[in-house]
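# I would like the atomic coordinates for the input below:
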Amino acid sequence: LNLYRDVYSGELILYGTAHEQTIISASNYAWTLKALHRYDEVKTLMHKTLPVARRVLGESDITTLRLRWNYASSLYLDSGATLDDLR
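This next block holds a predicted model:
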């Protein structure tokens, strides 16, 4: 987890939020958080990253789709998820 977080943080500093590599790192970090059942952190990260990925990469880009899949599966697995999380 620390490795993925550090890579993501480093790329935020190097490239900023609107760079493909930063978005890919966010996806990897979110996948790791989901595997550790840290769904609230996944939601927070996805709320920041998904709009940027849609704008920068487009709706049908594979990375954008992976982010959406990761977010959707996190909501599905999180017993505390609400309808507000879908907005």
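
# what about residue 4, how many neighbours?
Counted with other C-beta atoms under 10 Å, the burial measure for residue 4 works out to 17 neighbours. Every residue, glycine included, has its C-beta placed from N, CA and C.

# make sure it is actually in contact with residue 25.
Yes: taking contact to mean C-beta atoms under 8 Å, the distance of 7.4 Å between residue 4 and residue 25 places them in contact.

# state the number of residues packed around residue 47.
The number of residues packed around residue 47, counting by other C-beta under 10 Å, is 12.

# tally of neighbours for residue 72?
The number of residues packed around residue 72, counting by other C-beta under 10 Å, is 12.

# what's the helix or strand for it?
In this assignment (DSSP states H and E), residue 72 forms part of helix 62-77.

# ok, residues contacting that helix?
The list of residues contacting helix 62-77 from outside it, by C-beta atoms under 8 Å, 6 or more residues apart in numbering, reads 20, 23-24, 26-27, 30-31, 34, 37, 39, 42-43, 46, 49-50, 53-54, 57-58, 81, 85-86.

# switch the cut-off to 7 Å
23-24, 27, 30-31, 34, 39, 42-43, 46, 49-50, 53-54, 57-58, 81, 85 (C-beta atoms under 7 Å, 6 or more residues apart in numbering).

# appreciated, that's everything.
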